[in-house]
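Undergrad: Predicted model and sequence below, questions to follow.
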Amino acid sequence: MSNKIRVRFAPSPTGHLHIGNARTALFNWLFARQQDGQFVLRIEDTDTERSTKAFEQSILEDLEWLDLDWDEGPDKKGPFGPYQQSERFGIYKKYVDKLTNQGKAYPCYCTHERLEELRQKQIKAGWPPRYDGRCRTLSKSERPKDIKPVLRFLVPERIVVFEDKIHKKLSFDAAVFGDFIIVGSDGIATYNFAVVIDDALMGITHVIRGEDHLSNTPRQILIFDALCFPVPEYAHTPLIFGPDRTPLSKRHGAASIKDLKESGFLPEAILNHLCHLGFSPGKEFLSMDEAVKLFSLQRLSRSPAIFDMERLKIFNRAYIEKAETNRLVNLVEPYFKEQVSEEWLKHAVEAIKGEVVAVKDIPKILLSFLKQPIVEKEAEKVLEEPSAKEVLKVLADAVEKQETLNSDVYKEIMAGIKKRTGESGKRLFMPIRAVLTGKVQGLELEKIFVLLGKKEILERVRKHFA
Ligand code: GLU
């Protein structure tokens, strides 16, 4: 194997892609791309009860949507596959047998009741609960025939020390772990075991993952060492919290990439915000090319990262404004059925893309535009002014005379009304806005004008006088 950097993203398909996991995927991807390394996608579906194919599919789709492409993974052939843990049970068995034959793992027949009793006793005595090693010394003949055992790793007496890229030097006394389970009574390898075999056989050089795995790392190092595998480098990123400093959840507006997608956020805005979670690129807006250049494990922070919906909205607004109109049209088209022409929609999206926070605001604004307005109280007041009547009459006359309406015609018409009525400022603009939209604020009047077009403007003014 070459000494190229190899990193992995290893989601468990027990839910949609969480924002925290997306950040983990991003950091691994940035590191791989920067180092000219490989980014591996591995599906950790050993929890057969909670893992589903639908979640797996959804995670893959969201990663694709974010454009975090992987070099090896379940849907791609690669030299170290399969990339799905549920297809690797035979591989794990080989290493389980190796540990057992070397006396580094042993079957345990203790019942749930005994283990629970032990736990309670230890807690009562003020000790951290852990397995007491009772089955370590069972001889073959002492092994019950009618119980399916679990397999425990025989934890050696030692201090596990490793240098985390973010947390620096860490040390753990293995004595507190107790002999932990590496294969369940159902014969399925546990997370801590499978992950080591996979990281080792897949040649993973750097493990970048959330701090929630920090307590697993020393256990995994013990297994790496027991099997004489080289131990990868580790970087455990701080967890992501909401502004109220509680773990990020739906309460904060969104917890998964799917939530954000459905709320109308663009992938580039999300990635931009994720780049700022635990990493200070020194730049507010950055392209992925820049992020690849700037990324550095050394510059990752140790303090918790705060997911800030308001900041994400600022990014999203800016990226929507910058986005190609055609791309936005494709995104919003399904909302419109056949009520508008492609040309009108393109025009309308172009006109309002600088004014919205989320993609879904575009159809919201435009659809409300297409409906006859409900006149709000304040707008009613504006329309009751005697000068309003005059302005609207002149407006109708002027519009009638035009073939089509565009920005130049709009300016011409407004100048004409101003001249004929002597009204200017609010007294000129407000009645027109009120009659056309039923509101006293919103989109620029010029845009409203062009989007509604001649027929609709005349209809709305006439309806007011009817
Ligand atoms: N499958 C684990 C998870 O989804 C990640 C394992 C790892 O990164 O080591 O939390």
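TA: All right, it came through fine.
Undergrad: only C-alpha atoms for contact and neighbour calcs from this point on.
TA: OK.
Undergrad: which regions of the stretch 1-150 of the chain sit below the pLDDT cut-off?
TA: 1-2 (pLDDT under 70).
Undergrad: Show the residue spans covered by the helices in it.
TA: Counting by DSSP state H, counting those that start in this stretch, the stretch 1-150 of the chain has helices at residues 19-34, 53-65, 89-101, 112-124.
Undergrad: just these: most buried one?
TA: Of all the helices of the stretch 1-150 of the chain, helix 19-34 has the most neighbours on average by mean count of other Cα atoms under 10 Å, namely a mean of 23.
Undergrad: Tell me what angle it forms with helix 53-65.
TA: Calculated by axes from the mean of the first three to the mean of the last three Cα atoms, to 10 degrees, helix 19-34 forms an angle of 50 degrees with helix 53-65.
Undergrad: Need the contact partners of helix 19-34.
TA: Helix 19-34 has contacts (Cα atoms under 8 Å, 6 or more residues apart in numbering) with 5-9, 11, 37-39, 63, 68-70, 208-210, 237, 239-240, 255-257, 271, 274-275, 277, 291-293, 295-296.
Undergrad: Centroid-wise, who is the farthest residue in the protein?
TA: Computed with Cα atoms, centre = their mean, the residue of the chain farthest from its C-alpha average is residue 420, at 56.4 Å.
Undergrad: Model confidence for that residue, exactly?
TA: Per-residue confidence at residue 420 stands at 94 (pLDDT).
Undergrad: Numbering from 30 from now on, please.
TA: Noted, 30 is the first residue going forward, which turns the last one into residue 449.
Undergrad: can you pull the contacts of it?
TA: residue 423.
Undergrad: What's the separation between it and the ligand?
TA: Going from residue 449 to the ligand by Cα to the nearest ligand atom, to the nearest Å gives 70 Å.
Undergrad: Just want the phi and psi numbers for that residue.
TA: phi -80, psi -30 (degrees, to the nearest 10).
Undergrad: Now the buried members of the contacts of helix 48-63.
TA: For the contacts of helix 48-63, a burial check counting by 16 or more other Cα atoms under 10 Å picks out 34-38, 40, 66-68, 92, 97-99, 237-239, 266, 268-269, 284-286, 300, 303-304, 306, 320-321, 324-325.
Undergrad: Nearest to the ligand, out of the helices of the stretch 30-179 of the chain?
TA: helix 48-63 (7.4 Å; Cα to the nearest ligand atom).
Undergrad: quick one: is the closest one near the ligand?
TA: No. Helix 48-63 lies out of reach of the ligand by Cα under 6 Å from any ligand atom, never closer than 7.4 Å.
Undergrad: Over to stretch 276-293?
TA: No. Stretch 276-293 stays clear of the ligand (Cα under 6 Å from any ligand atom), getting no nearer than 13.5 Å.
Undergrad: Low-confidence bits of the stretch 330-479 of the chain, can you list those?
TA: If you take pLDDT under 70 as the line, the stretch 330-479 of the chain has no such spans.
Undergrad: where exactly do the helices run in it?
TA: Using DSSP H, counting those that start in this stretch, the helices of the stretch 330-479 of the chain run over 338-351, 354-361, 371-381, 390-399, 406-413, 415-429, 436-450, 454-466, 474-494.
Undergrad: Can you tell me, leaving aside adjacent residues, what's nearest to the residue of the stretch 180-329 of the chain found nearest the ligand?
TA: For the stretch 180-329 of the chain and the ligand, the shortest gap (Cα to the nearest ligand atom) falls at residue 238, measuring 5.1 Å. Leaving aside its chain neighbours, residue 238 sits nearest to residue 265 (5.1 Å; criterion: Cα to Cα, 6 or more residues apart in numbering).
Undergrad: Pretty sure that neighbour sits against residue 245.
TA: No. Look at residue 265 against residue 245 with Cα atoms under 8 Å: they stay out of range, at 11.1 Å.
Undergrad: what helix or strand does the residue nearest to residue 238 sit in?
TA: strand 262-266 (DSSP states H and E).
Undergrad: by contact count, what packs against that strand?
TA: For strand 262-266, the packing partners by 3 or more Cα pairs under 8 Å, 6 or more residues apart in numbering; DSSP states H and E come out as strand 188-193, strand 235-239.
Undergrad: Just checking, which helix or strand succeeds the shortest one along the chain?
TA: As assigned by DSSP H and E, the chain's next helix or strand after strand 235-239 is helix 246-255.
Undergrad: And the longest one, by the same measure?
TA: Next helix or strand after strand 188-193 toward the C-terminus (DSSP H and E): strand 197-202.
Undergrad: Distance check, the residue nearest to residue 238 against residue 219.
TA: Separation of residue 265 from residue 219 (Cα to Cα, to the nearest Å) stands at 21 Å.
Undergrad: And for residue 167?
TA: Distance from residue 167 to residue 219, by Cα to Cα: 23 Å.
Undergrad: what about these two, which has more around it?
TA: Applying other Cα atoms under 10 Å to residue 167 and residue 219 shows that residue 219 carries more neighbours, namely 17 against 14.
Undergrad: Was I right to think that one contacts residue 210?
TA: Yes. Residue 219 is within contact range of residue 210, at 7.1 Å (criterion: Cα under 8 Å).
Undergrad: Now stretch 158-175: buried residues?
TA: 158, 159, 160, 162, 164, 165.
Undergrad: ok, the third one touching residue 204?
TA: The reference is to residue 160. No. Using Cα under 8 Å, residue 160 makes no contact with residue 204, being 10.5 Å away.
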